[in-house]
Each structure stands twice: as C-alpha cells, then as structure tokens.
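>>> I would like to see how this sequence folds:
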Amino acid sequence: MTGSGALRTPICDLFGIDVPIVQTGMGWVAGPRLVSATAAAGALGILASATMTYDELADAIREVKSRTDQPFGVNLRADAEDAAERVELLVRENVQVASFALAPNERQIKTLKDAGVRVVPSIGARRHAEKVAAWGVDAVIVQGGEGGGHTGAVATTLLLPQVVDAVDIPVIAAGGFFDGRGLVAALAYGAAGVAMGTRFLLTRDSTVPESVKEYYVGRTVADTVVTARIDGVPHRVLRTEFVDELEQASSVRAVTRAVRNAFAFKKMSGVSWRGMLREGVAMKREGDLKWTQVILAANTPMLLRAGLVEGRLDAGVLSSGQAAGVIDDLPTVAELVARIMSEAEQTLKQLGELA
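This is a model prediction of the structure:
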C-alpha cells in the first residue's frame, strides 16, 4: 500500500519509500531477510551492522540488494574501529540511508551526504537533536522511554513534541508504536513517521527463533524491565529469571561475566583489543560513563545473541519495547505494513467525521 494525502510525509520522498514507517536496526535481528521484506513492503528497513564484521556487512548489503531493488539503510556505530571503512562501503554500494545509534561526527556526516546518502541518527534528548541537526543530518529518530534496548526516562509523548519544536528536519517517532492509530498519533504530534523495532521483530520474516517470538507474544505491558546490570546503562528488556539473576548479581560477578563476554565477542567479531579500548573510551566520553559501566558494555552483544539467535532464555536477554505487551500475532512484514496503513487511513477517516 502506498501512502497518500496526510500519510505521504516528507520521509517518503527523503528516503524514496512508499509509507512513513521505519524498521529499526536491531542487533542480531535486522538481517537481510527482515530488511528486504520491509523494503519490499514499501517501508524503510535498516540493517544492523554493529554485530557484523565488515565482510559480513558487505555480504548482507549485497544479499538485500539481490532480494529487492527498493531503498534500505544500514545502522552504523560512529565509534567503531572500522567506521571509516564502513562509511565508504555504504557509499560504494549506493546504500540510501545511514542510521546511527550514537551521534556521527561531522566528518562522517559530510562524507555520506556528499555521496547522496541520507544520515539519520537516533536520539533520546532534545539537546542531542539540536546538536546533530546543526551538523546537517537529514532527519532524526526520537526514541522515548517505552522503546526497547537502550532507552531514556522520558516518555515518547513528552519527548517527541519537544524535538519537533526544536528542529527543522523530519522527526521520526519511536518507542511504543505498533499500529495505525499510533502512526496517526505521531503525525499529530508533528512527526513525519514512526520507527518500530519490537513490532518488526515479531513477524514471520524475523529470524528470531519461533519459541522466543511466542515468549514475547505471551508477555504483558508490565513484563519489561529497565536495567543497568546488562551493560551499565539503562536497557529495556523482557523480564526473565536470567534477568532477575543479573539484577541480583554482585558487581564482581557482573564484571567477571562482562570480561568473559568481551573475549568471546572479540574472537567472533575480529575487533582488536586496541579497537575495543578506543570504542570504550568513546562510549565513556559520549555517555559520561564510569569505567565499570564501559566494561559491562561487553555483555550486550553476547547476551543478546544468546537470547535472540540461540533462543536461550536461561543465558540471554531479549531487548523489548513495552509494545510487546499489546502484540498478539506474528504477521508477515507485508501484512503488517498493509494493516498499519489501513488502520491509519480508517483512523483519519473517523477523525474527519468528528471535525
């Protein structure tokens, strides 16, 4: 379904997509299958590259391009050891959108924009949006506290209008969105679309194990927890016995686990110790973290892999927005996007009848 009228927003033309919906770059989840299905449905799919080696990312980009000729994006870590090489890869492969979890630097923004790549960082505070807008990014994804993964304390309904009023670029709302009513609500706040992670994770095109998807679907809105015991900063995940164990573990035990996971991730990713240290310093500076928090960050890739790839609820974590508690089915991506747009059109019609 193609967006029209009020549902044809500035990000449709900016990204070359049909509908104002973005699938976020979730580590271990947003691979070629999910991204290509999203792109084929007319929305913007974003590959998650933080959990890929450079060669794996190159292969993933080419696989998406072999599956669809529609636009898609890649999520990058601005502080990664090989960030410059990954930026050049996106330029060389004509990827349309580069998204960032941490703010890209001005040099990265210029390189991408000079090549015609749209730059879209995710932010969680008004001041961060103002900073990257001044640097020339094309749009921002604004995630409120309801969102999964790393999240802040301010609800989307309060953060979104602050950012919309502060910047003159398209704002994409994230955190708590799962249907057409939410899309219309975001547009009413002044957003140009919505970005969703958990809703796309819970589709048949997601490679997350079916048993894990069913576990998500069985949760309520009260079954997530925001904890700093995974990687030192607030992280919203589904509550499990393993997460409860992490919450209760001693600091020594938590750091020991993080160091062990750092060795495992280094072996799997090929990142050098020097590169990991440089990324840690950047994280510390960007997030104003303590060194113990930086060490804990080594937990994230491996704990998420155990949960989202291996399906181990006893040894992994499951990032999740609160929206998991109101999701009760597993459609294909095509069915999901079509349904959201139909619901949005119906909601707009009902509002028009009230006017």
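
>>> What mean pLDDT does the strand or helix carrying residue 132 get?
Residue 132 is located in helix 126-134, with elements delineated by DSSP states H and E. For helix 126-134, the mean pLDDT works out to 97.

>>> now stretch 313-320
90.

>>> buried ones in that stretch?
Residues of stretch 313-320 classed as buried: 313, 316, 317, 318, 319, 320 (neighbour count, 16 or more other Cβ atoms under 10 Å). Yep, even glycine has a C-beta here, placed from its N, CA and C like the rest.

>>> now the first one, nearest residue through space, not along the chain?
Meaning residue 313. Sequence neighbours aside, residue 240 is the residue nearest to residue 313 in space, at 5.3 Å (criterion: Cβ to Cβ, 6 or more residues apart in numbering).

>>> Neighbours of that neighbour, how many?
Around residue 240 sit 19 other residues, with neighbours defined as other Cβ atoms under 10 Å.

>>> circling back: alpha carbons only: can I get the helix holding residue 132 in CSV?
Extracted C-alpha coordinates of helix 126-134, given in CSV (Å, rounded to 0.1, in the frame of the first residue of the first chain):
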residue,chain,number,x,y,z
ARG,A,126,16.2,17.5,22.7
ARG,A,127,19.7,18.8,23.1
HIS,A,128,21.1,15.8,21.1
ALA,A,129,18.6,16.5,18.3
GLU,A,130,19.6,20.2,18.2
LYS,A,131,23.3,19.2,18.0
VAL,A,132,23.1,16.8,15.1
ALA,A,133,20.6,19.0,13.3
ALA,A,134,23.2,21.8,13.4
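
>>> Contacts made by it with the rest, please.
Judged by Cβ atoms under 8 Å, 6 or more residues apart in numbering, the contacts made with helix 126-134 from elsewhere in the structure are 103-104, 121, 123, 140, 142, 159, 162-163, 166-169, 171.

>>> Buried ones only from those, please, as a PyMOL command.
Listed next is the PyMOL selection for buried residues among the contacts of helix 126-134, using 16+ other Cβ under 10 Å:
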select buried, resi 103+104+121+123+140+142+159+163+167+169+171
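
>>> Residue ranges of each domain in the protein, please.
With automatic domain parsing as the criterion, the domains of the chain are listed as 5-208+328-354, 220-319.

>>> Quick check: buried residues in stretch 179-194?
If you call a residue buried by 16+ other Cβ under 10 Å, then stretch 179-194 has these buried ones: 179-180, 182-187, 189, 191-194.

>>> I'd like the C-alpha coordinates of that stretch written as PDB, please.
What follows is stretch 179-194, C-alpha atoms only, in PDB (Å, rounded to 0.1, in the frame of the first residue of the first chain):
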ATOM      1  CA  ASP A 179      -0.300   0.000  14.800                       C
ATOM      2  CA  GLY A 180      -2.000   2.600  12.600                       C
ATOM      3  CA  ARG A 181      -3.500   4.500  15.400                       C
ATOM      4  CA  GLY A 182       0.000   5.100  16.700                       C
ATOM      5  CA  LEU A 183       1.200   6.300  13.300                       C
ATOM      6  CA  VAL A 184      -1.600   8.900  13.200                       C
ATOM      7  CA  ALA A 185      -0.900  10.000  16.800                       C
ATOM      8  CA  ALA A 186       2.800  10.500  15.900                       C
ATOM      9  CA  LEU A 187       1.800  12.600  12.800                       C
ATOM     10  CA  ALA A 188      -0.500  14.700  15.000                       C
ATOM     11  CA  TYR A 189       2.500  15.500  17.200                       C
ATOM     12  CA  GLY A 190       4.300  16.700  14.200                       C
ATOM     13  CA  ALA A 191       6.400  13.600  13.400                       C
ATOM     14  CA  ALA A 192       7.000  12.500   9.800                       C
ATOM     15  CA  GLY A 193       6.600   8.800  10.500                       C
ATOM     16  CA  VAL A 194       7.200   6.100  13.100                       C
END
